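> Need coordinates for the following:
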Amino acid sequence: MSAAWGLIQQLLPEPAPVRKYCHPSQYRTVENVRHYSDGMHKLYQPNFLTVAVSTITLGLYIGVPHVLLGLFAASFFSRAALIVLALLVGSLFLPAKPLRIQSVLSSYLFLCWRRYFKFSYLFERSLDCYQDYVIAQFPHGAFPLGCILGGTFMATEYPEYYCYAMAAPSAFLVPIWRHVHAWLGTETCTKTHFHHLLGLGVQGPLKRHSASGLALEASVDLKSPFAAAADGAAGSCADSAADDHGHHPGRSMSLNHVGSVSLHRRRSLAGSLRATFKQPHSLSDTESSDSDSEPCSSPAAAAAGGPGCRFSIGSNNSSLGESVAGSACSCTGPCSNCCNAALLGSKGLTPAQPHSSSSSQGWVIDPATGKRKTGVSVGLMVGGIAEMFMIRKDHERIKLRDRKGFVRIALEHGTPILPVYMFGANQVLDFGPPWLQRLSRKMRASVGIIYGRWGLPVPRRVPIFQVTGRPLPVGPPMRKDHPDFQKRVDELHAEFICEIERLYYTHRGKYGHGFENRPLVIS
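Model prediction:
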């Protein structure tokens, strides 16, 4: 009987972990400890159904180019294949904007994928959900599976914190990939899109100061928080667009007003789309087989994240922080803290105590929801297509020394940079042949063959371990025409190289699988 029940369990869907709601201000994790996502543990093994679903769907998704080539060949002999191919190619004309549909990100399919790879993670510092970040991730691998697993994990464990990603423009020229990437919150990797996505965060679009801009800021300070946020963002957006064209034309009040209305409408539309697709997600303790720490003795100790505290991401063991509405304010007139606290109080909400220095400058209210605005993260694979040809059997190799664009954009926005390394990403698939590398870089597209198990585009079942390092502060925003801008970029880039190297050698022993003797080469 027990053997029959064990066989039945192998054919049933594995239960998803129960997650209780947690306020964004309480997103925490036990730092420097390896955790397994989605209720897994160190000895976990997926059942037959999970492996079968993952194998089939991963093979089909990664093998979309193979499927298209097969349909193209079959179209000469089959009208049905020709119709299917025409429909797939026609889908390229449909718009693909980074919608970041929550129901897709937290779906059963991606849960199976994370369990297939036994996805685990480690944070050296708990993330501040009211802070923007630029996520620089390595390595790319033959296929950016690490980015997909990490992005869907973040959307599941941090449901009210928005993470976007950048992908090569060629990825949006492939049917199916184009719209799946968009549903996951991915945009084509260009400077304009990078600035735009970072501009959705708490710091808003880039601020460009000119004579008319300073006059506009002086008038905006007298407005309500909503009007100030909308008008200021519009002026910054206009200046950013002007900067991209190499000149700064004078701006008038009427143009800024029109821009602010347009920006407010776009943000309201984005907020309504997120609210439409958003489901009641919440958070729970994630299992950590590597931790021997004891539960916290009090909620205050848990919130502080002190030593010996078993308080994982999203555990709902502590109440919200103290309300700032009842605290004394030293300001002599209306300030953003007072206005925002009063606004939240009028809506029946209790504002949480800010837990970072960035929050002490005043809360930012999202005009689409009326709540305190959370930050955004924009992630990218810095090595890109070049790293697809750098997979080696005896060492890890990443492309970084001549990649400084992400540092420049982070410095312009004053946004910290998060180093992320995905252990195992290079081992799940292979790519080749190597002599196509030069052609691929010229075409800005991956020209080659992806293969894994059985010679098919099916990934090997290799554990993937995501390690997120300490945020690298870049300091206040700096305009790119500043005389010290390039010098500061070089300094930050050198610091980041040292940080990603330290991150790798510090945590490779936790991953195992022979990485203890596997060096990292940065080219």
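
> now the strands: where do they sit in the stretch 401-523 of the chain?
Taking DSSP state E, counting those that start in this stretch as the test, the strands found in the stretch 401-523 of the chain are 417-423, 430-432, 449-451, 465-468, 520-522.

> now the longest helix anywhere in the chain against strand 417-423, angle please.
If you go by DSSP state H, the chain has its longest helix at helix 485-511. Interaxial angle of helix 485-511 relative to strand 417-423 (axes from the mean of the first three to the mean of the last three Cα atoms, to 10 degrees): 30 degrees.

> Let me see the mean pLDDT of helix 485-511.
Throughout helix 485-511, pLDDT has a mean value of 96.

> tell me the pLDDT at residue 216?
For residue 216, pLDDT reads 36.

> Please apply the same query to the one 5 residues further on.
Residue 221 is assigned a pLDDT of 36 by the prediction.

> What of residue 354?
Predicted confidence (pLDDT) for residue 354: 39.

> tell me which element residue 88 is part of?
Following DSSP states H and E, one finds residue 88 within helix 79-90.

> From the contact counts, what lies against the helix or strand following that helix?
Once the chain leaves helix 79-90, the next helix or strand it forms, by DSSP H and E, is helix 102-105. Judged by 3 or more Cβ pairs under 8 Å, 6 or more residues apart in numbering; DSSP states H and E, helix 102-105 is in contact with helix 145-157, helix 253-277. Yep, even glycine has a C-beta here, placed from its N, CA and C like the rest.

> Check the average confidence over the next helix or strand after helix 102-105, would you?
Once helix 102-105 ends, the next helix or strand along the chain (criterion: DSSP H and E) is helix 108-116. For helix 108-116, mean pLDDT is 96.

> got the angle for helix 108-116 vs helix 145-157?
Going by the same axes, to 10 degrees, helix 108-116 makes 120 degrees with helix 145-157.

> which residues touch helix 108-116?
13-14, 16, 37-38, 40, 44, 46, 50-51, 53-55, 57-58, 148-149, 152-153, 156, 459, 461 (Cβ atoms under 8 Å, 6 or more residues apart in numbering).

> Which among those residues count as buried?
Buried by 16 or more other Cβ atoms under 10 Å: 14, 37-38, 40, 46, 50-51, 53-55, 58, 148-149, 152-153, 156, 459, 461, out of the contacts of helix 108-116.

> In helices, which of the residues you listed appear?
By the criterion of DSSP H, membership of the buried ones among the contacts of helix 108-116 in helices covers 50, 51, 53, 54, 55, 58, 148, 149, 152, 153, 156.

> so how far is residue 440 from the fifth one?
In other words, residue 55. Between residue 55 and residue 440 the distance is 27 Å, computed by Cβ to Cβ, to the nearest Å.

> so where's the chain shaky on pLDDT?
Within the chain, the ranges that satisfy pLDDT under 70 run 1, 208-362, 444.

> that older thread, any buried residues in the helix holding residue 88, and which?
For helix 79-90, by 16+ other Cβ under 10 Å, it's 81, 84, 85, 88.

> The first one touches residue 68, doesn't it?
By that I understand residue 81. No. If you go by Cβ atoms under 8 Å, residue 81 and residue 68 don't touch, sitting 10.8 Å apart.

> Find the nearest non-adjacent residue to residue 391, please.
residue 426 (4.9 Å; Cβ to Cβ, 6 or more residues apart in numbering).

> ok, how many other residues are close to the one you found?
Neighbour count for residue 426, taken as other Cβ atoms under 10 Å: 27.

> so what's it up against?
Counted by Cβ under 8 Å, 6+ apart, residue 426 has contacts 139, 141, 142, 391, 392, 396.

> Would you show me how to pick out the buried ones of those residues in ChimeraX?
Buried residues within these, by 16+ other Cβ under 10 Å, are selected in ChimeraX with:
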select :139,141,142,391,396
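
> In a markdown table, list the contacts of residue 426 along with distance to residue 103 and secondary structure.
Output for those, formatted as a markdown table (distance: Cβ to Cβ, whole Å; DSSP: H, G, I helix; E, B strand; the rest coil):
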| residue | distance to residue 103 | secondary structure |
| --- | --- | --- |
| 139 | 30 | coil |
| 141 | 27 | coil |
| 142 | 29 | coil |
| 391 | 34 | coil |
| 392 | 39 | coil |
| 396 | 36 | strand |
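
> what's the farthest-apart pair in the contacts of residue 426?
142 and 396 (13.9 Å; Cβ to Cβ).

> Adding distance to residue 109 and mean neighbour count, write the strands of the stretch 401-523 of the chain out as TSV.
Shown next, in TSV, are the strands of the stretch 401-523 of the chain (distance: least, Cβ to Cβ, whole Å; neighbours: other Cβ atoms under 10 Å):
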stretch	distance to residue 109	mean neighbour count
strand 417-423	20	24
strand 430-432	24	19
strand 449-451	20	18
strand 465-468	19	24
strand 520-522	32	15
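
> Export those strands as TSV, with columns for distance to residue 384.
Below are these laid out as TSV (distance: least, Cβ to Cβ, whole Å):
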stretch	distance to residue 384
strand 417-423	15
strand 430-432	13
strand 449-451	16
strand 465-468	19
strand 520-522	15
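
> of all those, which lies closest to residue 22?
Nearest to residue 22 among these is strand 465-468; the distance by Cβ to Cβ comes to 18.9 Å.

> Could you list every helix and strand in contact with that closest one?
If contacts are counted by 3+ Cβ pairs under 8 Å, 6+ apart, strand 465-468 sits against strand 120-123, helix 145-157, strand 417-423, helix 485-511.

> For the first one, which strands pair with it and how are they oriented?
When you say that, I think you mean strand 120-123. strand 35-36 (antiparallel), strand 465-468 (parallel) (DSSP bridges).

> export the ones you listed to JSON lines and tack on distance to residue 501?
Converted to JSON lines, the strands paired with strand 120-123 look like this (distance: least, Cβ to Cβ, whole Å):
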{"stretch": "strand 35-36", "distance to residue 501": "24"}
{"stretch": "strand 465-468", "distance to residue 501": "13"}
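
> contacting residues around residue 85?
68, 71, 72, 75.

> biggest separation within those residues, which pair?
Largest pairwise distance in the contacts of residue 85, by Cβ to Cβ, is 10.3 Å, between 68 and 75.

> quick one: which of the strands of the stretch 401-523 of the chain is nearest residue 500?
strand 417-423 (4.8 Å).

> Residues contacting that closest one, please?
Outside strand 417-423, the residues that reach it (Cβ under 8 Å, 6+ apart) are 127, 133-139, 141, 146, 150, 377, 379, 406-407, 410, 464-472, 474, 492, 496, 499-500, 503-504, 507-508, 511, 513, 515.

> Kindly write the PyMOL command that selects the buried subset of the residues you listed.
Restricted to buried positions by 16+ other Cβ under 10 Å, the PyMOL selection for the contacts of strand 417-423 reads:
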select buried, resi 127+133+134+135+136+137+138+139+141+146+150+377+379+406+407+410+464+465+466+467+468+469+471+472+474+492+496+499+500+503+504+507+508+511+515
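
> out of the strands of the stretch 401-523 of the chain, which comes closest to residue 98?
strand 417-423 (18.9 Å).

> pull the CA atoms of that closest one into CSV?
Only the C-alpha atoms of strand 417-423 are listed here, as CSV (Å, rounded to 0.1, in the frame of the first residue of the first chain):
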residue,chain,number,x,y,z
ILE,A,417,24.9,48.5,-7.7
LEU,A,418,24.1,44.9,-6.6
PRO,A,419,26.6,42.3,-7.6
VAL,A,420,25.0,38.9,-8.2
TYR,A,421,26.7,35.6,-9.1
MET,A,422,24.8,32.5,-10.2
PHE,A,423,26.7,29.4,-9.4
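
> can you pull the contacts of residue 413?
132, 134, 195, 198, 203, 206, 477.

> List buried residues within these.
In those, burial by neighbour count holds for 132, 134, 195, 198, 203, 206, counting by 16+ other Cβ under 10 Å.

> tally of neighbours for the closest residue to residue 17 other than its chain neighbours?
Nearest in space to residue 17, with sequence neighbours left out and distances taken as Cβ to Cβ, 6+ apart, is residue 39 at 3.8 Å. Residues near residue 39, counting by other Cβ under 10 Å, number 18.
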